[in-house]
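# Fold the following for me, if possible:
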Amino acid sequence: MLRVENLETFYGTSQALFSMSFDVNVGEVATLLGRNGMGKTTTINSLMGIIKPHAGSITYDGVEVLGEPSFKMANLGLGLVPEGRQIFPNLSVRENLVATASNHLEMPEPWSVDRIYELFPELAQRATSMGNLLSGGEQQMLAVGRALMTNPKLLILDEATEGLAPLIREKIWKALGQIRDSGLSILIIDKNLTDLFKLADRHCIVEKGAVVWTGSSTELQMSEDIQYRYLGV
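Sure, this is the predicted structure:
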């Protein structure tokens with residue numbers, strides 16, 4: 001579904017990505033792992049057209065999309081849950097969901113407001129509450145729901161559970177499992193390895209703007225030296 005090859009991205013004269021390469025298959029859950037500042041969010045922003053890459057290739061469904069604007073990437077079926085949630089603070093929960101609702105790809109079973117409420121019952125209870133009145137966990141649920149309302153083919157989550165209470169994290173991981181079981185492809189950044197091992201098919205470890213290791217959950221669990229070298233604090 002998605003193939004990234006030799007991607008290079010700069011901030012001014014400072015290079016952030018060096019030959020970044022990885023792929024995500026149809027129906028697969030893949031991760032980007034690594035310490036802070038290694039280029040994971042820059043990779044996501046380059047994919048989504050938020051930052052324009054300097055060189056490389058991004059192929060999505062067999063079509064080259066390098067440098068395409070964000071709105072086109074969204075229309076092609078990439079749904080983003082950004083770091084920091086970035087919900088609309090002055091819109092209600094329901095308005096946040098409806099604001100992004102679309103089905104450009106004519107999915108046979110599209111996500112709807114009611115379906116989001118089934119996934120996150122907490123949002124149904126806060127349907128008329130303004131976004132800025134929600135807890136951090138409720139805002140993250142809303143950010144996931146908002147991305148799903150675009151009916152993407154690939155859901156991308158940047159720091160899916162960062163800063164959330166354990167109970168809320170558990171609910172987010174459970175929902176992501178349900179999303180995976182629906183057949184949706186997922187690319188996720190997070191630090192909770194225990195939960196990622198249960199959810200993900202494949203992991204890509206990023207170091208200094210490039211993927212330095214790729215393998216399955218079982219392979220990464222068994223590679224304590226890799227965990228210590230690239231993921232340890």
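# and the longest helix seen in the chain, what other elements does it pack with?
Ranked by number of residues, the top helix in the chain under DSSP state H is helix 166-181. Using 3 or more CB pairs under 8 Å, 6 or more residues apart in numbering; DSSP states H and E as the contact criterion, the elements in contact with helix 166-181 are helix 113-119, helix 136-148, strand 185-189, helix 193-199. C-beta: built from backbone N, CA, C; applies to glycine.
# Mind putting these into CSV with mean pLDDT?
Shown next, in CSV, are those (pLDDT from 0 to 100):
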stretch, mean pLDDT
helix 113-119, 97
helix 136-148, 96
strand 185-189, 97
helix 193-199, 95
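# closest one to residue 173 among these?
helix 193-199 (4.7 Å; CB to CB).
# by contact count, what packs against the helix or strand just after the closest one?
Going down the chain from helix 193-199, the next helix or strand is strand 202-207, by DSSP states H and E. The contact analysis (3+ CB pairs under 8 Å, 6+ apart) places strand 202-207 against strand 29-33, strand 210-216, helix 217-222, helix 224-230.
# Where does the prediction get shaky in the chain?
Along the chain, segments meeting pLDDT under 70 span 233.
# for the helices and strands packed on helix 166-181, which one sits closest to residue 11?
Here strand 185-189 is closest among the helices and strands packed on helix 166-181 (CB to CB), at 18.5 Å.
# ok, that closest one: who's next to it in the sheet?
strand 29-33 (parallel), strand 154-158 (parallel) (DSSP bridges).
# Identify the residues contacting it?
Residues from elsewhere that reach strand 185-189, judged by CB atoms under 8 Å, 6 or more residues apart in numbering: 1-2, 24-33, 40-41, 44, 83, 153-160, 176, 179-180, 196, 199-200.
# what angle sits between that strand and helix 166-181?
150 degrees (axes from the mean of the first three to the mean of the last three CA atoms, to 10 degrees).
# got the angle for strand 185-189 vs strand 202-207?
Using the same axes, to 10 degrees: strand 185-189 against strand 202-207 is 30 degrees.
# Mind exporting the C-alpha coordinates of strand 185-189 to PDB?
Listed next in PDB are the C-alpha coordinates belonging to strand 185-189 (Å, rounded to 0.1, in the frame of the first residue of the first chain):
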ATOM      1  CA  SER A 185      -4.000  -0.600   7.700                       C
ATOM      2  CA  ILE A 186      -2.300   1.300  10.500                       C
ATOM      3  CA  LEU A 187       1.100   3.100  10.900                       C
ATOM      4  CA  ILE A 188       1.700   4.100  14.500                       C
ATOM      5  CA  ILE A 189       4.300   5.900  16.600                       C
END
